[in-house]
Structure formats: structure tokens, C-alpha cells
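Colleague: Attaching a predicted model along with its sequence, questions to come.
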Amino acid sequence: MNNFIEIKIARSVSISAASFFSMRVLLMIIGIFISIFSAAQLCNGSLGDPVVNITFGSGAAGETTFAAPGYTYTNSFCPSDGSYTITNFTSGCFRDNWHTVSADHSGNGAFMLVNASFQPADFFLTTVTGLCRNTTYEFSMWIMNVLKSAGGIQPNITFSIETTSGSILNTYNTGDIGITPQPEWKQYGLFFTTAANNPDVVLRIRNNAPGGGGNDLALDDISFRPCGPVISSAIRGNNNKVDVCINEQITYDLTAVVSPGFISPEYQWQASIDSGGTWKDISGAADLVYQRKPTTAGNFWYRLAVAENGNAGIATCRIASNVLIIHVHPKPVINAGPDRILINGGHITMSATIIAGNNIFSWSPPDFLSSISILNPIASPDKDMVYSLTAVSEYGCTNEDQVLVKVVAGIFVPTAFTPNNDGKNDSWTIPYLDPLLEATVNVYNRYGQLVYHASASKVDWNGSWNGIPQPSGTYVYLLQFKDGSPAMKGTINLIR
């Protein structure tokens, strides 16, 4: 299918100075007519996904992939007469008579660059299969005249779509593709309807111009797409795009209107979660109206696909509506931090977090806080307080989390425990020791050996050391604080 090449036009015209102005006006009128006719050759209704899509890849493809009959492949990005290449740029060719082309039509791949042969002839001929019977398709391709020097021969191309038996289904001539001051891709094409008995077609592309200086061009993005009546879809009561917070979703009615043209149409709503990269049919959504229920957060695209009765399940037969987008935004992900213990008269630093994003946040109430607009304010209440952290995203989505600051008179250290697994007082704990105070707790036996250690964590000793139960007796504990507060020392009775 991928047999392409460039074109050349030789033209010798001699006109008198007196008739030059009239000729110029005539050519302008013809040019306008050709422009209008060109636009009319492309589908004016709705299109389906490409059935055939030749993009020439992302870099040099080589002659085996894109072989143009009668032309020679070269790896040079300045091919000579009768040669072509597959490239993603060209620059400085033929004393800088060609444009510098730094990207293909889509901006991220390769294109075919052709320096046409001297004799007008077909330069692309292939049979296209996989189409549907009695279905209208749009054939299109993008072309650039790479010559920038005035007076050169201009490309002139005819596209023909034929049945395999030779009957012409449609044909279109580009006319002379003029020189532009900057590199400019132009789309050309036509539409046709496949036969009822055999949908296979022959694509024939002919170079109408004889050889000479010029007739040098680039080709890209050749495609066949189903074409049909206009399908207009909308989100009832909204624009074609909705931004909504996950907790504010409603049931949206997706509606569509199909203009006349189908005999017995079948409908199928489709969804995409990768911005139209892939589409999947929605089970049971086979009417002109689809009720879209609330979902998880994400970017959801929808469209209605339509085909004649019996062809709805065949992707190459279907056309599709415009795309509807429902972007469900999550609530801000926030955490006000763990509950805290504060010794009366002291202060603590909050440890809240918010996942990155354009969020506005604040604390409430403001009582005893150094600031309500930072994540880690200093809190110094003289009584128990519950603080709420509220965040609002750039889309107006809100979320809230709370933290308790419990104010105590001091740290109470139990002096005895009974680790006998009866479910009562089996562990030695220090209930009001806030782990975020980053205190270090050590317990020693009567020989001065360390039998328990905790640092910046909850204190919970079960009476064992390295898995070995320690004997009954008196043990010494030592609490040391990172902030410089006085250390605490005392004894514990382990009773078995």
C-alpha cells in the first residue's frame, strides 16, 4: 500500500505584456474555484476512525517499506531526480532552493520526500482491502511543495479511486500546488462509495507534470476513513465538556442527532479513558440517548458511533460523532496528621500533608495556632482542641481532615506491670508520650544491661528482650527529650 513518490511539471508559457493582467485575474479566479472544489472533495459529514493510515513512521523507513515504482530509494535527505527518501527533516538542499522542513505534518514523525522523475506517470498504485460494502469513505493525504524558488515547476497530482475491475468511483486533481514562503502542509482528498458486491478498491495517484526544475514535494498521513451523515452529540444542559468534582456528580444525559442519510442505522455509544487513543463500546448503550452514571475520578471521553444495520460491530464501517468530555476531579488528598498529646504550657508543631496541586487550604478554628494558612503551624492550646484542615482544589473540590490535640498536665509513667498474658496490664506503656516529641526511652535491668529501647515511637514493652522473657524484678527507665526538656528517670516493677 505504501508506494509513493514525487512529481515534476514542465511548462513553457509565452504571453504578451498587455494580456498579463487579464491572465493573472483569470488565474486568481481559477485558483479560488480550485480551493473551493478542493474543500468539497473532503467529507462534510462525520468521520470514523482511519481504516488505512500511512504515517511513514517516526524515522527513516527504508526502501523495502515504502517502494515507489520506477524510483530509487536513497538515505540522503536531499534526493536527486527520480529518487525518494523517508525522513523527518530536510535542509539546505540544492543550494537552498528547497524549504527546510524540520517536522512532518503531525509534528512528531517522518514523511516521504520525493524528487520526481521527468515523465508524467502513476507513482502510487495499490489495492486497498478491509473496507465495507456500499459505504462512503474519505481518502485524504497531506502534501507540501518543498520548492521555495520562484519559477520552478509546480507539482500537479490526480487521485483516482477505482474498483478492482477498473471502474472509476471518483477522481480529483489538485491543480498546480503553488510555492509558499514558508513550509506549508496542505490536505487533499476525495470521497467515494464502495460497491455493493466488492468493497476492495484501487488507489491510483498520477504525476501530471513533465520533468524539469522543481516538482519536488513531501507526502504524509495518507488515510481512508468512513464518511457519512453529520452526527451531533451533546451533554444535555451543558457544553460539550464538563468539569465536576467526584462528590458532586449527577447522572448526565448524553444525546445525539443523526442527519438523514442512513437507511436503517444502528447506534453504539463508546468511551475512552486515554483521550481518544482507544475506544470501547459501552454495553447496552445503543440508543440516541445514554445516561452516564457517576464514576470514579478520571478523564472520560464519549462519542456515538453509527453504521447501517448489520455493520455496527465492524469498526471499518462506523462513523462517529464529535467527542464529549466529562472530567471527574478528585477531592484534594489531605492528612491533618496524627492526634497529638501536648503537655500543658508547651507547644507542638502540626504535621499535616497535602498531595501536590493548586490547592487553597486553611485551619479552623484559629485559636492557639501560629497561622491558619500553613501546613505546619505551631499549636499551644491550654485545653483539648480539635482542629480541622480544609483544602479546596483549583476545580472547587473540597476535602477536610481533623486532628485532636489533647492537653495533659504531664507525662504519667506507670511503675508496675504484669506480663502474664491474662489480658490485664500485660504491657508497660507511657500513654501520654507523644511520638512526635521524638523522645528516647531506655529500660535497664539491675546489671545495667539494656532490655528495652524506643525512639520517637509508641512505648509498649511486653517484658521481653530479643524474644526472651525477663525475670520479675525492679528495672530502671530513662526518658530523654530531643527538645532539651529535663530527662525523666524512675523504676518499674516487673511482676510475673
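Modeller: Right, received. Where do you want to start?
Colleague: Scan the chain for its longest strand.
Modeller: Ranked by residue count and defined by DSSP state E, the top strand of the chain is strand 216-228.
Colleague: Quick one: name whatever helix or strand follows that strand.
Modeller: Downstream of strand 216-228, the next assigned helix or strand under DSSP states H and E is strand 231-235.
Colleague: Distance from the chain centre to that next one, please.
Modeller: Chain-centre distance of strand 231-235: 22 Å, with Cα atoms, centre = their mean, to the nearest Å.
Colleague: Equivalent analysis for stretch 143-151, please.
Modeller: That offset, for stretch 143-151, works out to 35 Å (Cα atoms, centre = their mean).
Colleague: pLDDT (mean, whole number) over that stretch?
Modeller: Taken as a whole, stretch 143-151 carries a mean pLDDT of 89.
Colleague: first vs last residue of that stretch, how far apart are they?
Modeller: Taking Cα to Cα, to the nearest Å, the first and last residues of stretch 143-151 lie 19 Å apart.
Colleague: try stretch 346-356
Modeller: By Cα to Cα, one end of stretch 346-356 lies 31 Å from the other end.
Colleague: Kindly report the same for stretch 245-253.
Modeller: Note: stretch 245-253 ends 17 Å apart using Cα to Cα.
Colleague: Same question for stretch 346-358.
Modeller: One end of stretch 346-358 to the other measures 34 Å (Cα to Cα).
Colleague: Quick one: residues in contact with it.
Modeller: For stretch 346-358, the surrounding residues in contact (Cβ atoms under 8 Å, 6 or more residues apart in numbering) are 332-338, 340, 342, 361, 363, 375-380, 387, 389, 391, 393-394, 401, 403, 405, 434, 436. C-betas here are computed from N, CA, C, even on glycine.
Colleague: Which of those are buried, as a ChimeraX select command?
Modeller: A single ChimeraX command is used to select the members of the contacts of stretch 346-358 judged buried by 16 or more other Cβ atoms under 10 Å:
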select :332,334,336,337,340,342,361,363,375,377,379,380,387,389,391,393,401,403,405,434
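Colleague: Please flag which of the contacts of stretch 346-358 sit within helices.
Modeller: Judged by DSSP state H, helices contain none of the contacts of stretch 346-358.
Colleague: and the contacts of stretch 346-358, which of them are in strands?
Modeller: Going by DSSP E, the strands hold 334-335, 340, 342, 361, 363, 378-379, 387, 389, 391, 401, 403, 405 from these.
Colleague: Tell me the one of the residues you listed nearest Asn322?
Modeller: Among the ones in strands among the contacts of stretch 346-358, Ala391 lies closest to Asn322 (Cβ to Cβ), at 35.0 Å.
Colleague: can you give me phi and psi for Leu125?
Modeller: Note on Leu125: backbone dihedrals following degrees, to the nearest 10 are phi -150, psi 120.
Colleague: and the nearest residue to it once chain neighbours are set aside, what does it touch?
Modeller: Using Cβ to Cβ, 6 or more residues apart in numbering and skipping the chain neighbours, the partner closest in space to Leu125 is Arg204 (5.3 Å). By Cβ under 8 Å, 6+ apart, the residues touching Arg204 are 122, 124-125, 159-162.
Colleague: Just confirm Arg204 is within a helix.
Modeller: No: assessed with DSSP: H, G, I helix; E, B strand; the rest coil, Arg204 is strand; it does not lie in a helix.
Colleague: Tell me how far it lies from Trp428.
Modeller: Distance of Arg204 to Trp428, computed by Cβ to Cβ, to the nearest Å: 91 Å.
Colleague: What of Gly166?
Modeller: According to Cβ to Cβ, Gly166 and Trp428 sit 97 Å apart.
Colleague: Between the two, which has more neighbouring residues?
Modeller: Trp428 (25 against 7; other Cβ atoms under 10 Å).
Colleague: contacting residues for that one?
Modeller: Residues counted as contacts of Trp428 (Cβ under 8 Å, 6+ apart) are 414, 417, 443, 459-461, 463, 492, 494.
Colleague: okay if I get the contacts of Arg204 as a markdown table plus distance to Arg236 and neighbour count?
Modeller: Converted to a markdown table, the contacts of Arg204 look like this (distance: Cβ to Cβ, whole Å; neighbours: other Cβ atoms under 10 Å):
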| residue | distance to Arg236 | neighbour count |
| --- | --- | --- |
| Asp122 | 51 | 15 |
| Phe124 | 46 | 23 |
| Leu125 | 49 | 14 |
| Phe159 | 41 | 21 |
| Ser160 | 44 | 21 |
| Ile161 | 40 | 22 |
| Glu162 | 45 | 18 |
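Colleague: Inside strands: which ones of these?
Modeller: Members of these lying in strands (criterion: DSSP E): 122, 124-125, 159-162.
Colleague: Nearest to Ser264 among the contacts of Arg204?
Modeller: Ile161 (25.8 Å).
Colleague: Verify the stated contact: that closest one with Ser167.
Modeller: No: Ile161 is beyond contact range of Ser167, at 10.0 Å (criterion: Cβ atoms under 8 Å).
Colleague: Could I get the pLDDT score of Ser22?
Modeller: Looking at Ser22, the pLDDT reads 38.
Colleague: Check Phe481 too.
Modeller: Phe481 is given a pLDDT of 87.
Colleague: what's near enough to touch the spatially closest residue to it that is not a sequence neighbour?
Modeller: Distances taken as Cβ to Cβ, 6+ apart place Ala439 nearest to Phe481, at 5.1 Å, with adjacent residues excluded. Ala439 makes contacts with 433, 455-456, 479-482, as judged by Cβ under 8 Å, 6+ apart.
Colleague: Buried ones among those residues?
Modeller: Buried by 16+ other Cβ under 10 Å: 433, 479-480, out of those.
Colleague: sorry, back to before: looking at the contacts of Arg204, which is nearest Gln187?
Modeller: The closest of these, once distances to Gln187 are taken by Cβ to Cβ, is Phe159, at 12.0 Å.
Colleague: Can you say which helix or strand has the nearest residue to the closest one once chain neighbours are set aside in it?
Modeller: Using Cβ to Cβ, 6+ apart and skipping the chain neighbours, the partner closest in space to Phe159 is Tyr172 (5.1 Å). Using DSSP H and E, Tyr172 sits in strand 168-176.
Colleague: Break down the stretch 51-200 of the chain into its helices, ranges please.
Modeller: Along the stretch 51-200 of the chain, the segments classed as helices by DSSP state H, counting those that start in this stretch run 93-96.
Colleague: now the strands: where do they sit in it?
Modeller: Using DSSP state E, counting those that start in this stretch, the strands of the stretch 51-200 of the chain run over 52-54, 72-73, 83-87, 111-115, 121-128, 136-145, 156-163, 168-176, 186-193.
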